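A.B. asks: return atomic coordinates for the entry below.
(4 chains)
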2 protein chains.
Amino acid sequence: MATTTQELADLLKALGEFNRLSLVYELCECKAPRNAMCLCSCCSVDASVASRHLRVLAQEGVVEMEKQGRERIYSLNREEVAHKLRALADRIEGAGTELSKETEL
Amino acid sequence: MATTTQELADLLKALGEFNRLSLVYELCECKAPRNAMCLCSCCSVDASVASRHLRVLAQEGVVEMEKQGRERIYSLNREEVAHKLRALADRIEGAGTELSKETEL
DNA sequence: GACATAGTTGCACAACTATGCAAATATTGC
DNA sequence: GCAATATTTGCATAGTTGTGCAACTATGTC
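C.D. replies: So this is what the prediction gives:
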C-alpha cells in the first residue's frame, strides 16, 4: 500500500489535534465502540464540535462509523492506522541502517 | 517516558504538514545531515519558510540542529521519533488484540 | 575593510481551523 | 400526531498557520 506524502500528512494532521487525539484515545481504551454523545462528553466540547472532529477522523480513515438507529457508532480502524504509523517509524528509523526497507507486521 | 496527549498531538501536528513531512523524508533518505539551504531547495520554498519549518521540527524534537560555521546542520532524532510513533501505534492497536488491557480498565 | 553566503526575523496577507450557538434533520417512543 | 434524543449543518468569530518579501544578523573569504 503506497501512502503518498500528502495522504500521510493529512492523517498525521488529523491525529495532531488535542481533542481529536483525545477522541482516539477514548476509542482505544474502551472495547466497545462509542456513540458521538459519549465522545463529546469525554472532551467536554459541544456536540457539533465532536461531530466535526469525528468526521475528520472518518475522512482520514482513522475511525469508521456505523448508523444504528439515531446513533452513530464509531470504532477505530486499529490495524490500518497502526500500520501506517509503524511504516513511518520504520522509514524514519530504518534509513540509519539502510538495510531494512520492509515493514513487516 | 510519559508523553502527554498534548505533547504527542504537537509532534503529530509538526509532522502533519506536507512540506515539513517532505523535509523529514529528505533527512530520512540521505545518510549525512543536511544544511537548511539544501532542504529548502528540496521543497522549492523560500529559505525563510524552510527555516521556520525546521524550527518547528526542532521544537518538537524531530530534528536536531548543530551550528557549523555559517551553516546549520540538521539531523533526524530517528530513534526518539520512531519510538513515539510506535508507542502510539501500539496503543491504538493493542486493545484490539486484547493482550492485557483488561486489567488496566 | 568590502563582499558573499547562510540563516533568521518582522511584516503583511490569505487561507484555514476550532469553536459555540441556533436551527435543521433523523429517528425512536408515546 | 407530539415530544425527546442524537447528530449534522449554517453562521459568525477568534485564533492559528503557511507563505514570500525585504531587512537583518552572523560568519566566512578576499
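
A.B. asks: in the helix or strand where A:Val56 lies, what counts as buried?
C.D. replies: Applying DSSP states H and E as the criterion places A:Val56 in helix A:47-59. Going by neighbour count (16 or more other CB atoms under 10 Å in any protein chain shown), the buried part of helix A:47-59 is A:Ala50, A:His53, A:Leu54, A:Val56, A:Leu57, A:Ala58. C-beta here means a position set from N, CA and C on the backbone, and glycine is covered the same way.

A.B. asks: tell me if that helix is near DNA strand C.
C.D. replies: Yes. Part of helix A:47-59 sits close enough to DNA strand C to count as contact by CB under 7 Å from any atom of the strand, namely A:Ser48, A:Val49, A:Arg52, A:His53, A:Val56.

A.B. asks: my guess is the second one meets A:Cys40, correct?
C.D. replies: Yes. Counting by CB atoms under 8 Å, a contact exists between A:Val49 and A:Cys40, whose distance comes to 7.1 Å.

A.B. asks: re earlier: chain center to the helix holding A:Val56: distance?
C.D. replies: For helix A:47-59, the distance from its own C-alpha centre to the chain's C-alpha centre is 12 Å (CA atoms, centre = their mean, to the nearest Å).

A.B. asks: which secondary structure elements does that helix contact?
C.D. replies: helix A:5-15, helix A:18-29, helix A:36-43, strand A:63-68, strand A:71-76 (3 or more CB pairs under 8 Å, 6 or more residues apart in numbering or on different chains; DSSP states H and E).

A.B. asks: make CSV from these and add mean pLDDT and mean neighbour count to it.
C.D. replies: Listed next are these as CSV, based on pLDDT from 0 to 100; neighbours: other CB atoms under 10 Å in any protein chain shown:
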stretch, mean pLDDT, mean neighbour count
helix A:5-15, 97, 19
helix A:18-29, 93, 20
helix A:36-43, 80, 17
strand A:63-68, 92, 14
strand A:71-76, 92, 18
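
A.B. asks: now for those, which one comes closest to DNA strand C?
C.D. replies: When these are ranked by distance to DNA strand C, counting by CB to the nearest atom of the strand, first place goes to helix A:18-29 at 4.4 Å.
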